[in-house]
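Student: I would like to see how this sequence folds:
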Amino acid sequence: MLRVVCFAVLVLFAGTARAEEPAVALRIGYLKGTNDLTLAKAHGSLERALEPRGVKVSWAGPFAASAPAVEAMNGGAIDLTVGSSTSFITSRAGGVKLVMFAYQPQSAGDEGIVVRADSPLHSVAELAGRTVAVNRGGTGEYLLVRALNKANVPADRVTRAYLAPPDSSSALSGGHVDAWATWDPFLSVVLENGSARLLADGAQIGSENAIAYFVSQSFLASHRPVVAAVFEVLRSENARARAHTQEAGEIWVRELGLPAGVAARLGEYNTDPLGPVGPAETAHIEHIADWYVDNRIIPARPDIASFVTDISR
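Tutor: Predicted coordinates for the structure are as follows:
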């Protein structure tokens, strides 16, 4: 009889333990970036929103750019991350099954092409015959080719040095490249410390880039309500950041280990409204994908429409 009672207690205990275990694990890859995901991490707002749903949040990173985070997603190491609409296009061209569920236009002031402070270059046209650091297929390469198009400089007249942001910064300061096509927070840091000056910003380049949030296709298929809850948290963080830009800048400085002096600039240029991916956003991404094909950055336009979702519906 005692054995029966003990066995029953063990079964009850095991059942209770199983019931208390999180039903879903959400693994997030965050970037060294000035986005609402970084703010959510700092505030713990995703954990508070998702814990009642039985979701356990874990964080991986920070990744220097979107490409390594997407590689981690493609390898099954993370479920959700952030990047640019341009990195989404190259990821889809590479066959990665990630779905875009949120979209935020980028400010002209949070991306651009810089040269060393003492550089003799003063226009994009003068980049002909020079070497420019970019990240392959992402925002950097997009900004450079877009700028060259606008300045009527053939793209093959400029050598592209494919480097990660930290390596690009070192290459520029060391004189190994003549310019660097980059974005925040890297852009604000080099402008603030005086090591570089702006050759052209997003407006002068004609950039149509955006920040985008991605989730693996398999996670979305199994846990759409969780992704919808993440979206609502991001929108809340975005609204707070737009209302308190200095506070947002200070959080990015603290979370990303940046110089305190860049806080105001980061808050000013990185708090555009975030929203869902609707028909207009989808058409815009397809438009940029066509531009990528025309400029031989990717060989063919990938399927975009099947890999975006209006998570607000």
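Student: who's in contact with S58?
Tutor: Listed by Cβ atoms under 8 Å, 6 or more residues apart in numbering, the contact partners of S58 are A25, L26, R27, I28. Heads up, the C-betas are built off the backbone N, CA and C, glycines and all.
Student: check which helix or strand G129 maps to.
Tutor: Secondary structure from DSSP states H and E places G129 outside every helix and strand.
Student: for the closest residue in space to it that isn't next to it in sequence, give me its contacts.
Tutor: Once its chain neighbours are removed from consideration, G129 has its nearest residue in R157; the separation is 6.4 Å (Cβ to Cβ, 6 or more residues apart in numbering). For R157, the set of contacting residues under the criterion of Cβ under 8 Å, 6+ apart consists of A128, G129, L148.
Student: generate a ChimeraX selection restricted to the buried entries among these.
Tutor: In ChimeraX, the members of the contacts of R157 classed as buried (16 or more other Cβ atoms under 10 Å) are selected with the following command:
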select :148
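Student: ok, the contacts of R157 vs P259, which is closest?
Tutor: When these are ranked by distance to P259 (Cβ to Cβ), L148 comes first, at 30.9 Å.
Student: which stretch of helix or strand covers that closest one?
Tutor: Using DSSP H and E, the element containing L148 is helix 139-150.
Student: mind checking how far that helix is from the chain centre?
Tutor: In terms of Cα atoms, centre = their mean, to the nearest Å, the centre of helix 139-150 is set 18 Å apart from its chain centre.
Student: how about stretch 80-98?
Tutor: Here stretch 80-98 shows a centroid-to-chain-centroid distance of 10 Å under the convention Cα atoms, centre = their mean.
Student: can you check stretch 215-234 too?
Tutor: Distance, centroid of stretch 215-234 to centroid of chain: 17 Å (Cα atoms, centre = their mean).
Student: buried ones in that stretch?
Tutor: Per 16+ other Cβ under 10 Å, stretch 215-234 contains these buried residues: 215-217, 219-220, 223, 226-231, 233-234.
Student: from those, which ones fall inside strands?
Tutor: Applying DSSP state E to these, the entries found in strands are V215, S216.
Student: JSON lines for the buried residues of stretch 215-234, including distance to P302 and pLDDT?
Tutor: Output for the buried residues of stretch 215-234, formatted as JSON lines (distance: Cβ to Cβ, whole Å; pLDDT from 0 to 100):
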{"residue": "V215", "distance to P302": "17", "pLDDT": "98"}
{"residue": "S216", "distance to P302": "16", "pLDDT": "98"}
{"residue": "Q217", "distance to P302": "13", "pLDDT": "98"}
{"residue": "F219", "distance to P302": "20", "pLDDT": "98"}
{"residue": "L220", "distance to P302": "18", "pLDDT": "98"}
{"residue": "H223", "distance to P302": "24", "pLDDT": "98"}
{"residue": "V226", "distance to P302": "26", "pLDDT": "98"}
{"residue": "V227", "distance to P302": "21", "pLDDT": "98"}
{"residue": "A228", "distance to P302": "25", "pLDDT": "98"}
{"residue": "A229", "distance to P302": "28", "pLDDT": "98"}
{"residue": "V230", "distance to P302": "24", "pLDDT": "98"}
{"residue": "F231", "distance to P302": "23", "pLDDT": "98"}
{"residue": "V233", "distance to P302": "29", "pLDDT": "98"}
{"residue": "L234", "distance to P302": "25", "pLDDT": "98"}
